[in-house]
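Undergrad: need a structure here:
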Amino acid sequence: MVKFSVPSLAIRILSTLNNEGFQAYIVGGAVRDLFQQKAVYDWDFTTNAVPQQILRLFRESFYDNEFGTVRVAGKHLAIQFHMPTLGLKDFLFDITTFRTEHGYSDRRRPDKVSWGKSIEEDLSRRDFTINAMALKAWSVEALEAADRLARTKEAVSLSLRIIDPFSGRVDLSKKRIRAVGDPDWRFNEDALRMMRAIRIGAELAFRIEEKTFAAIQKNANLMKYVSWERIRDEFLKILASQYPADGVLLLHSSLLLGYFLPELSESRDIPQTGHHIYDVWTHSIESLRHCPSTDPIVRLATLLHDLGKPRTSREKDGKITFYNHEVVGARMVAKIADRLRLSKKHKRKLITLVRWHMFAYGPKMTDAAIRRFIRRVGVENINDMMLLRVGDRKGGGSKATSWRLRELQQRIGEQLYEPMMVKDLKVNGHDVMEVLGIKPGSKVGEVLNTLFEEVMEDTSKNEREHLLGRIKELGKST
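TA: Below is the predicted model:
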């Protein structure tokens, strides 16, 4: 028997199902998190009640999938049973019917799903042993007592019994990821489970058990059956994890990386000279390791910022150069963004960070040059670019910052509120048309762009009277 503090809404779900004569268990990541004494954000349940029966028990619940999962909103539970929410009013609880699965012809989804007969049967279909554990109330009396308390408290201590047919708790204590049953079979069912093993390892700092890891290497070619969207989502989760660099190293050693990001492997054993102490591959990995941003797109840009170096590497007189590698790299990441089905916004950020990461600063840079740099990178990307540079520096063996970088950041801050776009001018297209007596057309844009370039060089010129005068002058000169 184990005791855990369980939110009142979760106890209400267990109690409601139990009172109607159904079995009810806490499953999934919640079990794992409870044993690790971590905050639980995913409260999932399984039961022998079928979806139609679950829907009748919980108001405003909904069921729109083929896998037997009914979703219940925390706020509706709280209203229905007049209970506190423990901050879970916006949370969706998943209640899934015991099920068995048959056939995975597309290596992704089961060809047929049937309702299962027991919790053990349900757990046997899950991916890894640490995800194949369940918890149920130790007794009806214990659940009833907890339910009474739950009506007045946000969380209650509940005695629970663990169902662990595959020794997941042992693997959890040993920080080990092991497939349920035959790992070959598990990965042939759903090839994405191979990436999921690595993602869980990167999130929890767990190692992958030897037979499971060997099965990943053996079945790596099955990645060709996985959609790019699913690969993208799992890869970004790896990058957003606590140990993203180790996750990428595992992707490489497991042979999975080559199926969706072969360009990165090209950087292995590409030497660098000068201040660099690593080859391009190791530098890229270490840059990711030291990138202070938690944004997976910024981390991806940090990992790929030198992607163009292998294709631009030249050696002359013992010196290695990578001229224009940032330009080549930007083209390469644009293709990668399309391959991974990144959104337009994320693609644009990725390309920008890679294209302009080679910025340099000197005290003699003018304010206008600083503003042009901000405009190229984008105000919204400036901080991310600085975080990429921190990763880049530390990934090359340098300190996180330098007096140059600190001074550049200070000067950027001083210029952020100066005109950065045509719309920041104190005149607009209507002014141009009125002063010059012309209709809408390309001429209006040409005049505004000329004015903007002048203001970018000297922001004191962004005064309405001055700009109106310049419009007249520009009109006379054409």
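
Undergrad: quick one: low-confidence parts of the stretch 51-200 of the chain?
TA: Applying pLDDT under 70 to the stretch 51-200 of the chain flags the ranges 65-66, 84-89, 101-113.

Undergrad: how about the helices in it?
TA: 51-57, 74-81, 119-123, 140-150, 168-173, 183-189, 192-204 (DSSP state H, counting those that start in this stretch).

Undergrad: my read: M385 touches H357, true?
TA: Yes. Between M385 and H357 there is a contact at 7.0 Å, judged by C-beta atoms under 8 Å. (Each C-beta comes from the backbone N, C-alpha and C, glycine too.)

Undergrad: quick one, strands of this structure?
TA: Applying DSSP state E to the chain gives strands spanning 2-7, 24-27, 44-47, 69-73, 92-97, 99-102, 112-115, 134-137, 155-163, 176-177, 207-208, 314-316, 319-321.

Undergrad: output these as CSV; include the columns distance to L264 and mean neighbour count.
TA: Shown next, in CSV, are the strands of the chain (distance: least, C-beta to C-beta, whole Å; neighbours: other C-beta atoms under 10 Å):
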stretch, distance to L264, mean neighbour count
strand 2-7, 42, 17
strand 24-27, 36, 24
strand 44-47, 35, 24
strand 69-73, 36, 21
strand 92-97, 35, 20
strand 99-102, 34, 15
strand 112-115, 37, 14
strand 134-137, 39, 23
strand 155-163, 41, 18
strand 176-177, 23, 22
strand 207-208, 20, 19
strand 314-316, 21, 9
strand 319-321, 19, 13
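
Undergrad: now render those as JSON lines, adding distance to R375.
TA: Formatted as JSON lines, these follow (distance: least, C-beta to C-beta, whole Å):
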{"stretch": "strand 2-7", "distance to R375": "49"}
{"stretch": "strand 24-27", "distance to R375": "52"}
{"stretch": "strand 44-47", "distance to R375": "48"}
{"stretch": "strand 69-73", "distance to R375": "45"}
{"stretch": "strand 92-97", "distance to R375": "42"}
{"stretch": "strand 99-102", "distance to R375": "54"}
{"stretch": "strand 112-115", "distance to R375": "54"}
{"stretch": "strand 134-137", "distance to R375": "56"}
{"stretch": "strand 155-163", "distance to R375": "51"}
{"stretch": "strand 176-177", "distance to R375": "47"}
{"stretch": "strand 207-208", "distance to R375": "46"}
{"stretch": "strand 314-316", "distance to R375": "31"}
{"stretch": "strand 319-321", "distance to R375": "28"}
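
Undergrad: so which of those strands comes closest to H276?
TA: Closest approach to H276 among those (C-beta to C-beta): strand 319-321, 9.2 Å.

Undergrad: pLDDT on the closest one, on average?
TA: Mean pLDDT, computed over strand 319-321, is 87.

Undergrad: which helices and strands does that strand pack with?
TA: Applying 3 or more C-beta pairs under 8 Å, 6 or more residues apart in numbering; DSSP states H and E, we find strand 319-321 packed against strand 314-316.

Undergrad: how far off centre is the strand it packs on?
TA: Centre-to-centre, strand 314-316 and its host chain are 38 Å apart (C-alpha atoms, centre = their mean, to the nearest Å).

Undergrad: now it: mean pLDDT?
TA: Rounded mean pLDDT across strand 314-316 is 86.

Undergrad: parallel or antiparallel, which strands does that strand pair with?
TA: The strands that strand 314-316 pairs with in its sheet are strand 319-321 (antiparallel) (by DSSP bridges).

Undergrad: run through who's touching the partner strand.
TA: 271-273, 312-315 (C-beta atoms under 8 Å, 6 or more residues apart in numbering).

Undergrad: so which of those comes closest to T401?
TA: Closest to T401, out of all of the contacts of strand 319-321 and judged by C-beta to C-beta, is Q272, at 21.1 Å.

Undergrad: show the contacting residues for L92.
TA: 71-74.

Undergrad: swap that for L160, please
TA: 1-4, 26, 135-138.

Undergrad: try 7 Å this time
TA: The contact partners of L160, taken as C-beta atoms under 7 Å, 6 or more residues apart in numbering, are 2, 4, 135-138.

Undergrad: before we move on, what about S313?
TA: S313 touches 270, 320, 322, counting by C-beta under 7 Å, 6+ apart.

Undergrad: let's see it at 8 Å
TA: 270, 320-322.

Undergrad: and F81, how far from E121?
TA: 31 Å (C-beta to C-beta, to the nearest Å).

Undergrad: which one of those two has more residues nearby?
TA: F81 (18 against 15; other C-beta atoms under 10 Å).

Undergrad: so the more buried one makes contact with I13?
TA: No. Using C-beta under 8 Å, F81 is not in contact with I13, being 9.8 Å away.

Undergrad: any common contacting residues for these two?
TA: With C-beta under 8 Å, 6+ apart, F81 and I13 have no common neighbours.

Undergrad: how about stretch 353-364: buried residues?
TA: 353-358, 361 (16 or more other C-beta atoms under 10 Å).

Undergrad: and what of stretch 468-475?
TA: Of the residues in stretch 468-475, those buried (16+ other C-beta under 10 Å) are 470-471, 474.

Undergrad: go on, stretch 259-277?
TA: Here stretch 259-277 shows 259-261, 263-264, 266-267, 270, 272, 276 as buried, counting by 16+ other C-beta under 10 Å.

Undergrad: distance from it to the middle of the chain?
TA: 24 Å.

Undergrad: average model confidence for that stretch?
TA: The model assigns stretch 259-277 a mean pLDDT of 88.

Undergrad: endpoint to endpoint, that stretch covers what distance?
TA: 29 Å (C-alpha to C-alpha, to the nearest Å).
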